[in-house]
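Trainee: pasting the structure only:
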């Protein structure tokens, strides 16, 4: 059974003591939005998400192979975005507050410039209440496919316009779009940003396949 280790700091006059508890994976920890923000501020080395019901999600760091694939995907999207100043690209440390109250941090995401400019600067310092136009998740060996698929469906239900679930082990890509069935591609060579990210073409050689 997977467990999560949490530490609670106890401040004293002269010393600080850390108490560690192991939380089984089937035990749900719930926090409100303010407590979640405080947890994130105190645990900058952890990837945390918040479910719509207040359930706390603690994610382990990605393996180096997965991290490399994420960076390559982000690099290609960032290069396309920089050339035309189309919007803003975010990595997995960027948290979005969705309309259902969930706070999610996709592996890579993008928001159109006009929509981003409508967000007050003070809100940009928080888990911004804006739905990205595009999200991508790169499945790692320790990820649950069913859980990530549910997350992709949630993104679309909350207003995301295009989503990619990339599985390097199976060499497949699932494409999520509003109002349409999920499209599954086997061993594709490239991906298009379609009308959401016009002109973007992703070369999957170093993202979906084992290329050193």
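Mentor: Cool, got the structure. Just so we're clear, the structure is a prediction, and the values are computed from it rather than from any experiment.

Trainee: Okay, the residue nearest the centre of the chain and residue 125: tell me how far apart.
Mentor: Nearest to the mean C-alpha position of the chain, by C-alpha atoms, centre = their mean, lies residue 106 at 1.3 Å. Noted for residue 106: a distance of 19 Å to residue 125, by C-beta to C-beta, to the nearest Å. For glycine as for every other residue, the C-beta is placed from the backbone atoms N, C-alpha and C.

Trainee: before we move on, what about residue 68?
Mentor: Distance from residue 68 to residue 125, by C-beta to C-beta: 29 Å.

Trainee: ok, these two, which is more surrounded?
Mentor: Shown here are residue 68 and residue 125; by other C-beta atoms under 10 Å, residue 68 has more neighbours (14 against 8).

Trainee: Contact partners for the residue nearest to the centre of the chain?
Mentor: Residue 106 sits next to 90, 92, 96, 132, 135, 136, 137, 155 when contact means C-beta atoms under 8 Å, 6 or more residues apart in numbering.

Trainee: change it to 7 Å
Mentor: Residue 106 makes contact with 92, 135, 136, 137, according to C-beta atoms under 7 Å, 6 or more residues apart in numbering.

Trainee: now swap in residue 73 and tell me
Mentor: Each residue near residue 73 by C-beta under 7 Å, 6+ apart is listed here: 108, 136, 138, 202, 207.

Trainee: what residues does whichever strand or helix holds the second one touch?
Mentor: Read it as residue 136. According to DSSP states H and E, residue 136 maps onto strand 134-138. Residues from elsewhere that reach strand 134-138 (C-beta under 7 Å, 6+ apart): 66, 69-70, 73, 106-110, 148, 151-152, 155, 160-166, 196-197.

Trainee: can you do 8 Å?
Mentor: Contacts for strand 134-138 (C-beta under 8 Å, 6+ apart): 66, 69-70, 73, 106-111, 148, 151-152, 155, 160-166, 168, 193, 196-197, 207.

Trainee: pLDDT below threshold where in the chain?
Mentor: 1-29, 31-33, 35-37, 39-47, 49, 54, 57-63 (pLDDT under 70).

Trainee: Can you list the residue ranges for helices in the chain?
Mentor: 33-42, 64-84, 113-117, 121-124, 145-157 (DSSP state H).
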